[in-house]
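1. Quick one: sequence and predicted model below, then my questions.
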Amino acid sequence: MPELPEVEAVRRSLAPFLAGTRIADVDVRRPDLRAPFPRRFRARLTDQIVISLTRRAKYLLAELSSNETLIVHLGMSGSFRIDAPNDAVDTAGAVDRHDHVVFRLSSGALITFNDPRRFGLMTLLTPAQLARHPVLSRLGPEPLSPEFDAAALARACRGRKMPLKLALLDQRIVAGLGNIYASEALQVARLSPFRRASTIATPSGAPRDAAHRLTEAIKSVLTTAIDRTSAKYRSRSSRFRVYDRDGEKCLRRNCGGVIRRRTQGGRSTFYCPVCQR
DNA sequence: ATTGAGACCTGTCGGC
DNA sequence: TGCCGACAGGTCTCAA
């Protein structure tokens, strides 16, 4: 499920339990998620100290004392559950059908990875593998970093014929947006999801006004979502301006449009046909 | 090189 | 109640 804000919320909830803590043991309850676990997965994790837990795009990165990095992607349905050391013994570590990996920490805490759809990913990379990783090394800028600005976005969209919304979902252009916040950012920026990505840049790749609006919209939508998102990112209720609001009135003042839903790249796009051009 | 379609896997929801 | 199709917040691969 998670996009950048939800992954960031997961990171913040896990970091206090993981940072500086030793992994006493790992229970790997199946051979794979989206991809097989790496060889000697359990052995390479056991007795490692977690130096830090960071996030890049929608990936969590746990730096280990061995110098390897544990990479975790939550896919569509991945989540972590924390059983603190003082939790009741009879509930701590209770196993659900979709509990795939259980980390037992030296503190006594249990961190359980649950993922019904198994689109998630867990792997271990050496520093060299991390630097040359075909996906991670090609990720676009973090949308909340200073490097992500209108110039960078326009440059990345220059000459792109794909619809703007699909460009926002391309993690090489900007890293961490998913289907919800791509739609949301386009609404805030008053831009149509269907216009070609190239139209936010001049032919030479300089930012047009649309690129400025879109960059600011992406930053504000994500920042707001992070502030609001807790470890439970389940509720899809009325926090959105267009997402899942098919048929409802556009929230923009004096717009009067009705939110519509259309399929792009096999996924639902929500937008206001009146104010998004 | 870029773009779109289909695949991966399970759960849930609405309609009949 | 049961069955069936549509859909779900993400990537990856393949082929045009």
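-> Received it, and whenever you're ready, just let me know what you need.
2. okay, CA-based contacts and neighbour counts for the rest of this
-> OK.
3. Could you look up the SS state of A:Glu184?
-> Secondary structure assignment for A:Glu184 (DSSP: H, G, I helix; E, B strand; the rest coil): helix.
4. That one contacts A:Arg239, doesn't it?
-> No: assessed by CA atoms under 8 Å, A:Glu184 is found out of contact with A:Arg239, at 10.3 Å.
5. Please give the element, helix or strand, for the closest residue to A:Ile180 other than its chain neighbours.
-> Distances taken as CA to CA, 6 or more residues apart in numbering put A:Tyr243 closest to A:Ile180, at 6.0 Å, once the chain neighbours are dropped. According to DSSP states H and E, A:Tyr243 maps onto no helix or strand at all.
6. need the contact list for A:Tyr243.
-> With contact taken as CA atoms under 8 Å, 6 or more residues apart in numbering, A:Tyr243 is in contact with A:180, A:183-184, A:269-271.
7. ok so, going back, higher neighbour count, A:Glu184 and A:Arg239?
-> Regarding A:Glu184 and A:Arg239, a neighbour count based on other CA atoms under 10 Å identifies A:Glu184 as having more, with 22 against 11.
8. That one: what's it in contact with?
-> A:221, A:240-243.
9. Surely A:Arg44 forms part of a strand?
-> No: secondary structure of A:Arg44 (three-state DSSP): helix, not part of a strand.
10. now it: how far from DNA strand B?
-> According to CA to the nearest atom of the strand, to the nearest Å, A:Arg44 and DNA strand B sit 25 Å apart.
11. Nearest to DNA strand B: which residue in the stretch 151-277 of chain A?
-> Proximity of the stretch 151-277 of chain A to DNA strand B (CA to the nearest atom of the strand) peaks at A:Lys161, 3.3 Å away.
12. what's the spacing between that residue and A:Arg196?
-> Between A:Lys161 and A:Arg196 the computed distance is 5 Å (CA to CA, to the nearest Å).
13. So which of those two has more stuff around it?
-> Applying other CA under 10 Å to A:Lys161 and A:Arg196 shows that A:Arg196 carries more neighbours, namely 19 against 13.
14. I am finished for the moment; much appreciated.
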